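In: any chance you can model this:
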Amino acid sequence: MISEWFYGFDMPVLCLITIILVEGAAELGNRIGLRQRAADDRNVDVSTLAGASLGLLALLIAFSFSTAETRYELRRGMVLEEANAIGSTANFALMLPQPARESILTLLRDYTSVRIGLGVPYDPIKMEKDVARSLDLQARLWQQAVVVTASDPQSLPAYRFVASLNEMNNIHARRLTALRNHVPASVMFILIGTAIVAMGLAGYNMGVAGSKRHIINFIVSLTIVLVIMLVVDLDRPYRGLILVPADALVDAAAGIPS
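Out: Numbering: from 1, shown residues only. Reported below is the predicted structural model:
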């Protein structure tokens, strides 16, 4: 998929390519503007177009950042929900008879350990293995639940344990969906393309005005690119500088009785 290809780029490489494109457009626009000014002494007013394009860029950045931030908060919330579900399942397991109780708690510790490292560090193969391991442990937990309910169908602790286990399994699917969803790559391409056009027009506007402020062009281009990279990094839960913390799951693992 295009999204996986785009978000799979190394951040330094993606940042460098984007800086070259945006700054290159600004410098090219400036040179064309200077030539236009030299060929025609009349004042060519493109400031309106430059201002409109920069305003559109700001709108797109705000939209993309808001979407990425919402997804990031959703992923954080899913980690907390999963930790609470695991903790509740472990508490209800304590009310079950032996030997099922010990086996279930052991499986829950293994399951929590897998969920702590889900997709981290970034490795698609590891991600697939983590998901497969999670599903295997869920199946083994359900086998234990079947044994417990079969031995005592009217048991209230068994009923509560099964309900909590079912919620834990449902959260597994919701967390995977949240991890795999990104701001569409097409939106990011449009965002980068708008940045190129906006800086090209801004550079052209400076050129026809007779300005050769290359440092200012570079600083503005770099600032825009860094903000775009912030959006990209915020929407990559497996890698980068901004990761979804797993502290809640670590605490849940520590709270499962040995």
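In: skip the chain neighbours and tell me the closest residue to Gln127.
Out: Careful, residue 127 is Met; it's not Gln. Gly119 (4.7 Å; CB to CB, 6 or more residues apart in numbering). Heads up, the C-betas are built off the backbone N, CA and C, glycines and all.
In: dump the residue contacts of that neighbour.
Out: Residues near Gly119 by CB atoms under 8 Å, 6 or more residues apart in numbering: Lys126, Met127, Asp130, Leu179, Pro237, Tyr238.
In: change it to 7 Å
Out: Each residue near Gly119 by CB atoms under 7 Å, 6 or more residues apart in numbering is listed here: Met127, Asp130, Leu179, Pro237, Tyr238.
In: what strand or helix carries the third one?
Out: Under the criterion DSSP states H and E, the helix or strand holding Leu179 is helix 156-180.
In: likewise the second one?
Out: Using DSSP H and E, the secondary-structure element containing Asp130 is helix 124-151.
In: mind showing which ranges of the stretch 51-200 of the chain have poor pLDDT?
Out: Residues of the stretch 51-200 of the chain meeting the criterion pLDDT under 70: none.
In: before we move on, back to that, now the angle between helix 124-151 and the helix holding Leu179, please.
Out: Going by axes from the mean of the first three to the mean of the last three CA atoms, to 10 degrees, helix 156-180 is angled at 160 degrees with respect to helix 124-151.
In: for helix 156-180, what is the distance to the chain centroid?
Out: Mean-position distance between helix 156-180 and its chain equals 22 Å (CA atoms, centre = their mean, to the nearest Å).
In: list the buried residues in it.
Out: By neighbour count on 16 or more other CB atoms under 10 Å, the buried set for helix 156-180 is 157-158, 160-162, 164-165, 167-169, 171-172, 175-176, 178-179.
In: of the residues you listed, which pair is most distant in space?
Out: Greatest spatial distance among the buried residues of helix 156-180 (CB to CB): Pro157 and Leu179, at 32.7 Å.
In: for the helix or strand hosting Leu14, buried residues please.
Out: Leu14 is part of helix 11-39, with elements assigned from DSSP H and E. Going by neighbour count (16+ other CB under 10 Å), the buried part of helix 11-39 is 14-15, 18-19, 21-23, 25-30, 33-34, 37.
In: just checking, what packs against that helix?
Out: Counting contacts by 3 or more CB pairs under 7 Å, 6 or more residues apart in numbering; DSSP states H and E, helix 11-39 packs against helix 185-208, helix 214-234.
In: same for the longest one, what does it pack against?
Out: When you say that, I think you mean helix 185-208. Under the contact rule (3+ CB pairs under 7 Å, 6+ apart), helix 185-208 is packed against helix 2-7, helix 11-39, helix 47-93, helix 214-234.
In: of those, give the one that comes closest to Pro245.
Out: In terms of CB to CB, the element of those nearest to Pro245 is helix 47-93, at 7.0 Å.
In: so the helix or strand following the closest one versus helix 47-93, what angle?
Out: Of the helices and strands lying after helix 47-93 in sequence (DSSP H and E), the nearest is helix 100-116. Interaxial angle, helix 100-116 versus helix 47-93 (the same axes, to 10 degrees): 160 degrees.
In: sorry, back to before: reformat the helices and strands packed on helix 185-208 as TSV; add distance to Asp152.
Out: Output for the helices and strands packed on helix 185-208, formatted as TSV (distance: least, CB to CB, whole Å):
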stretch	distance to Asp152
helix 2-7	47
helix 11-39	54
helix 47-93	14
helix 214-234	49
